[in-house]
Every structure is written in structure tokens, then in C-alpha cells.
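**Student:** pasting the sequence and the predicted model now:
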Amino acid sequence: MEITRIRATKPNHWRKHSNSHVLQAGLRCVAVAGALLGVPLAYADQLPPLQTQGTVQYVTGGIGKDEADAMKQAEAQFPLTLEFATSAEKPPAFDATAPFVADANVAIRDQQGRGVLSARSDGPLLLIRLPSGNYTIEAEWNGVRKQRTIALASGKRQHVMFDFVAAEPPTN
């Protein structure tokens, strides 16, 4: 039995331009994703992926200057920003010298007590797209639990800082 080898070749013009088409398509995808989040193209490739849980959309991260800058740019597109740090004094929002934390467990409940988000932060920032309403936010990191109650109104943003100063020992 004789085997005939057939060599498939691509036209030279296709080979020259195929990589640029792939690159252009990739850049268009990044630009579209960034535009959906309101992030300039320069920051869009640094932004962590948009995640969805039920009807809630969120982005978590902010580790490293580029990713933190991208999240600061995207912050305007989310009505709620949670920020996690540990310090003796409460640092101002986005203080680059503050000891930020990751891996905070976050649970958000609506005013009826129904869970709307349960997530673990991948960095010191968690941008959340929630509808207007009253919510209770619980955040836990390194054995310290904090709780805040907020009221989100249409067109207004909130930035909530969770400072996980070590819990004081119980008094007897």
C-alpha cells in the first residue's frame, strides 16, 4: 500500500497577516470589555475579569499598581466599592502606603435578609454593581469580622472601608 503525503500550504499573504488579525481581534475584545466597564484602553488589559453571581456583577483585585489604577478607573461604573486594609489608623481611600489585604470573605444581604453576594476578595478592592436598596455587608479576614449597613441610591456611589485591626481580647 502506498501512502501519498499531501502538504497543505497557506497562501503567503495569509501567513503575513494572520498574526496581525489575531492581535487586532484581541485588542478589539479588550477595548470592548473596557468600554463596557468605562475603563480607558490603557487600563482595560490590567482590569481583573468581571464576575457575576445571580444578578450581581463584581470585579475583585487591586494587587499591584497597574491593577489598582485600572480598578480606580473602573470604580465610577460600580455603585459600591469595598476596600480592605489592616492598620492602626484608618488610611484615606486608595492610600498606596496602607497595608492592604486580600482574601477577605464578603457576604451581602438585602433588607429582607436574602443573600445577594458571597465572595472572597482577590485583592484590597471589590467593585460591586447592585441595584438601589438597603444592604448589610459582612466582611471577615484573619478572624476579624466587620459589619456595615448601607443604603444605595440610584446615581450615587459609596466607598466603604473595612479596616481589620486585630481584634482586642475579650474582657472578663
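**Tutor:** Received, thanks. All of these numbers come straight from a predicted model, not from anything done at the bench.

**Student:** and the residue nearest to V59 when sequence neighbours are not counted, its phi and psi?
**Tutor:** Of all residues not flanking V59 in the chain, L127 sits nearest, at 4.6 Å (Cβ to Cβ, 6 or more residues apart in numbering). Just so you know, the C-beta spots here come from the backbone N, C-alpha and C atoms, and that holds for glycine as well. Backbone torsions of L127, given as degrees, to the nearest 10, read phi -100, psi 130.

**Student:** contacts only, for L127.
**Tutor:** Applying Cβ atoms under 8 Å, 6 or more residues apart in numbering to L127 gives the contacts Y58, V59, T60, M71, A74, E75, Q77, F78, L80, T81.

**Student:** which two in those residues are spaced the farthest apart?
**Tutor:** Using Cβ to Cβ, the two most remote members of those are T60 and Q77, lying 14.5 Å apart.

**Student:** between those two, which one's more packed in?
**Tutor:** T60 (22 against 16; other Cβ atoms under 10 Å).

**Student:** ok, then the element right after the strand or helix carrying that one?
**Tutor:** If you go by DSSP states H and E, T60 is part of strand 56-61. With elements assigned by DSSP H and E, the helix or strand that comes after strand 56-61 is helix 65-74.

**Student:** how about the CA coordinates for that next one, as CSV?
**Tutor:** Output in CSV follows, covering the C-alpha atoms of helix 65-74 (Å, rounded to 0.1, in the frame of the first residue of the first chain):
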residue,chain,number,x,y,z
LYS,A,65,-0.1,49.5,40.9
ASP,A,66,-1.3,48.8,37.4
GLU,A,67,-4.3,46.6,38.5
ALA,A,68,-5.1,49.1,41.3
ASP,A,69,-5.0,52.0,38.8
ALA,A,70,-7.3,50.1,36.4
MET,A,71,-9.8,49.4,39.2
LYS,A,72,-9.7,53.1,40.2
GLN,A,73,-10.7,53.9,36.6
ALA,A,74,-13.5,51.3,36.6
